[in-house]
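Peer 1: Need the 3D shape of this:
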Amino acid sequence: MITLKGPQRKIKTATVTFRDRQLSLSGLTDDDQKALVFVDENKQEEIDIFEPATRGEDGRIGPGDDMLIWYYDLNGKPIEYQMPKSTKTTRLWRIRWQMPDLHRDKHNRAMKYSSPFGSGSHLFIPEIVRKAYKDGRVIKRLYIQEGEKKAVKACKHGIFSVGVMGIQNIGSNNRLPYDLQLLIQHCQIQEVVFVLDSDFNELSHELKPGARVDLRPLSFYYAVRTFKEYFKAFSNTGIYLEIYFPISKQ
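Peer 2: Below is the predicted model:
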C-alpha cells in the first residue's frame with residue numbers, strides 16, 4: 001500500500017478523472033492515446049499511454065488521480081533507465097500533477113510534471129509515428145513539440161510529431177536521442193521543425209526583485225542554439241536537414 005502525497009480524488013468507474021479532463025482540453029479522445037506495445041518480450045497489447053495514477057511518497061506508482069505518462073521506443077518496447085547508484089534498470093514514466101503547488105522542486109517552485117530522479121532526457125513517440133517507422137513510410141517533415149499531449153494532438157491531424165520533456169531536454173550527453181536519429185534516417189526526414197511555446201518572452205510568475213527579466217527569452221534562445229548544433233552533426237553522415245524554429249499559439 002502506498003501513501004499518497006496531497007489530496008487525491010477517489011476514482012470510481014463513472015468518474016471523469018484528471019487524465020480525462022487533460023485529454024479533453026487538448027482535443028484528444030481515449031482512442032487517440034492508445035498504443036500497441038510490448039507488455040513482455042513476446043506479447044503485444046493495446047494499452048493506455050496516459051493513465052490515471054499517482055506516485056506515493058515512497059516513490060511507488062499506484063492508484064490516484066494524477067496523470068501518468070508511459071514511454072515506449074520506436075519498436076513499442078518500454079523505455080528503461082538505470083537507477084542512480086544501482087545496476088538495475090526500471091520503466092520510465094512521467095507524471096502530470098493535478099495540484100502542482102503540492103509538488104515542488106529544490107528551488108521551491110511548483111512542478112506540473114515530474115519524472116524519476118536520474119532518468120535522463122527521452123523522446124516521447126506517439127503511436128502514429130511508431131507505425132510510420134515500422135512501415136518504412138517517408139516522413140518529409142517532422143515536428144518536435146514540448147510535451148506529450150501536443151505531439152499526440154499534432155499527429156491526430158496528420159502532422160508527424162514527437163515530444164520532448166522540455167525545451168532544454170532535446171538531448172543529453174551532447175547528442176540527440178538514438179530513436180530520433182533512427183527515425184530521421186529510416187523515414188528519410190528532410191525537414192525538422194522545433195516548435196517553441198508562445199510564452200517564450202513572458203516574465204516568470206516568481207520573478208524576484210533585482211532578478212534579470214530576460215532569463216526566460218534567453219533560455220529559449222539557448223535551447224534553439226543547442227537544437228541547431230545537434231542537428232548539424234547529421235551532415236557528417238551525409239544527411240542534410242532543413243531546420244525551422246516556429247512559435248506556436250496557445
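Peer 1: alpha carbons only for contacts and neighbour counts from here, please
Peer 2: OK.
Peer 1: pull the helix or strand with minimum mean pLDDT from the protein.
Peer 2: In the chain, no helix or strand scores lower on mean pLDDT, DSSP states H and E than helix 215-232, which sits at a mean of 80.
Peer 1: Quick one: name whatever helix or strand follows the lengthiest strand in the chain.
Peer 2: As assigned by DSSP state E, the longest strand anywhere in the chain is strand 61-70. Following strand 61-70 in sequence order, the next helix or strand is strand 80-82 (DSSP states H and E).
Peer 1: Could you list the buried residues of that next one?
Peer 2: For strand 80-82, the neighbour count (16 or more other CA atoms under 10 Å) marks 80, 81 as buried.
Peer 1: and what of stretch 130-146?
Peer 2: Within stretch 130-146, the residues that count as buried by 16+ other CA under 10 Å are 130, 131, 132, 133, 138, 139, 141, 142, 143, 144, 145, 146.
Peer 1: now what about the one helix or strand the first one maps to, what contacts it?
Peer 2: Yep, that's residue 130 we're talking about. For residue 130, the host element (DSSP H and E) is helix 127-135. Helix 127-135 has contacts (CA atoms under 8 Å, 6 or more residues apart in numbering) with 33-36, 74-76, 138-139, 155, 160-162, 183, 186-187.
Peer 1: Pull the residues that contact the next helix or strand after it.
Peer 2: The element immediately downstream of helix 127-135 (helix or strand, assigned by DSSP H and E) is strand 141-146. Residues from elsewhere that reach strand 141-146 (CA under 8 Å, 6+ apart): 151, 159-167, 189-197.
Peer 1: try stretch 70-78
Peer 2: By CA under 8 Å, 6+ apart, stretch 70-78 touches 36-39, 49-50, 79, 91-94, 123-125, 130, 133-134, 179.
Peer 1: Please list only the buried members of those residues.
Peer 2: For the contacts of stretch 70-78, a neighbour count by 16+ other CA under 10 Å gives the buried set as 36-38, 49-50, 79, 92-94, 123-125, 130, 133, 179.
Peer 1: Show me which pair in those residues is furthest apart.
Peer 2: Greatest spatial distance in the buried ones among the contacts of stretch 70-78: 94 and 133, 23.5 Å, computed using CA to CA.
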